[in-house]
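>>> predicted model and sequence below, questions to follow.
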Amino acid sequence: MPILKRDYKYIFVGGKGGVGKTVIASAIALDLAERGKKVLLASFNPVHSLSTLFQQDLSGGVVKKIKEVDSLYAVEVEIDDIVNRYKEKISRIIREFLKWAEIPIDPKGFIDIATTNPAFQESAMFDKMMDIVLNEGQNYDNIVFDTAAVANAIRLIGLSKIYGLWLGRVIKSREEALSLRYQLSFRKDKVLEEIKKDPLLLDLLSLNERYNEVKKILTNPNITTFVFVTIPTILAISVVKRFSDMVMAHDIPIGGVVVNMVIPREEAEKDLTGFLRSKWEEQERNIRLIKELFGENVLGYVPMFPTDVIGIEALRMIIDVLKR
């Protein structure tokens with residue numbers, strides 16, 4: 001029996017920082033791989049922990065095979081490299097736009113504005129996510145995305161709409177500029193040939209085509225889902241509830257909620273100080289709230305372990321718990 005209720009191709013795992021989403025994402029990926037699937041686990045966390053979890057070097061931003069599992073691969077996406085490459089791409093688009101529109105303005109100010117706004121990193125991450133979906137999707141049965149904290153994850157997914165609006169406006173503006181140039185030219189046949197080969201317009205149209213293809217994938221409930229990880233505290237639960245509503249508003253299907261770091265009752269009863277008993281009683285109230293809010297969407301409850309979850313065998317323990 002698999003952890004997820006359905007066999008999704010693209011699985012996004014998110015949650016508030018510190019709730020153990022990397023462990024759960026890795027457990028889901030390992031479970032799929034050990035059921036015969038070829039799986040890619042992609043970490044988009046600013047501070048990666050896959051290398052520690054799997055006890056092998058997965059850094060460098062390239063796909064590497066997990067040594068102990070035949071069909072599991074992983075990549076720790078290097079955010080700084082992505083941002084720098086994306087900045088070069090945006091800079092080229094702006095320079096070409098101003099040059100072909102014959103606007104005699106230093107593009108540096110426009111480039112600085114475009115590449116230093118608060119959403120730029122998320123936009124760069126979304127662009128990389130598109131690359132993985134389109135370029136690696138055909139090579140794997142499943143791709144599991146270990147996303148950043150929930151807020152960043154929602155912005156990442158939400159950019160699928162904002163990205164489309166931005167591209168649409170830029171393409172329209174470019175087409176209008178080229179059309180005006182054609183109307184004002186004396187040698188219309190020559191200008192028409194140049195317009196057909198306009199590198200910026202062709203690049204933008206290609207980017208828009210990629211976006212539309214990815215958007216169809218992200219909003220397809222048959223192949224894409226979003227799994228939330230929470231712990232039994234009011235703050236974590238409220239964050240998951242708020243952002244799960246936002247995910248649904250973006251037409252992204254939710255595959256379920258995993259409750260992590262649950263204090264076992266038997267451990268609480270052993271504690272003579274009463275501290276664990278008090279925390280357990282508080283968590284029981286919160287678990288009732290989780291059931292009320294998420295109902296059948298709760299995939300399972302993972303107990304708090306006495307040591308960090310590291311290595312394949314530890315991940316198999318997580319898998320076993322989630323399949324009960």
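Structure's in. What do you need? For clarity, every value in this text was computed on a predicted model and none was experimentally measured.

>>> only C-alpha atoms for contact and neighbour calcs from this point on.
Fine.

>>> name the residues that touch stretch 47-64?
Outside of stretch 47-64, the residues within contact range by Cα atoms under 8 Å, 6 or more residues apart in numbering are 22-23, 43, 66, 73-78, 309-312.

>>> buried ones in it?
Going by neighbour count (16 or more other Cα atoms under 10 Å), the buried part of stretch 47-64 is His48, Ser49, Leu50, Ser51, Leu53, Phe54, Leu58, Ser59, Gly61, Val63, Lys64.

>>> again with stretch 228-246
By 16+ other Cα under 10 Å, the buried positions in stretch 228-246 come out as 228-234, 236-237, 240-241, 243-244, 246.

>>> repeat that for stretch 3-22.
The neighbour-count check on stretch 3-22 (16+ other Cα under 10 Å) flags 3-4, 7-16, 19-22 as buried.

>>> from the chain's centroid, how far away is it?
Distance of stretch 3-22 from the chain centroid (Cα atoms, centre = their mean, to the nearest Å) equals 10 Å.

>>> low-confidence regions, the stretch 201-324 of the chain specifically.
Across the stretch 201-324 of the chain, the ranges flagged by pLDDT under 70 are 201.

>>> can you give me the helices in it?
Counting by DSSP state H, counting those that start in this stretch, the stretch 201-324 of the chain has helices at residues 234-249, 265-270, 275-294, 312-322.

>>> re earlier: Produce a ChimeraX select command limited to the buried residues of the contacts of stretch 47-64.
The ChimeraX selection below is limited to those of the contacts of stretch 47-64 classed as buried (16+ other Cα under 10 Å):
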select :22,23,43,66,73,74,75,76,77,78,309,311,312
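
>>> including distance to Asp141 and secondary structure, could the contacts of stretch 47-64 go into TSV?
Output for the contacts of stretch 47-64, formatted as TSV (distance: Cα to Cα, whole Å; DSSP: H, G, I helix; E, B strand; the rest coil):
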residue	distance to Asp141	secondary structure
Thr22	20	helix
Val23	20	helix
Ser43	17	strand
Ile66	16	coil
Tyr73	11	strand
Ala74	14	strand
Val75	16	strand
Glu76	19	strand
Val77	20	coil
Glu78	23	coil
Val309	26	coil
Ile310	25	coil
Gly311	23	coil
Ile312	20	helix
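
>>> from the contacts of stretch 47-64, which shows the smallest pLDDT?
On pLDDT alone, Glu78 ranks lowest of the contacts of stretch 47-64, at 82.
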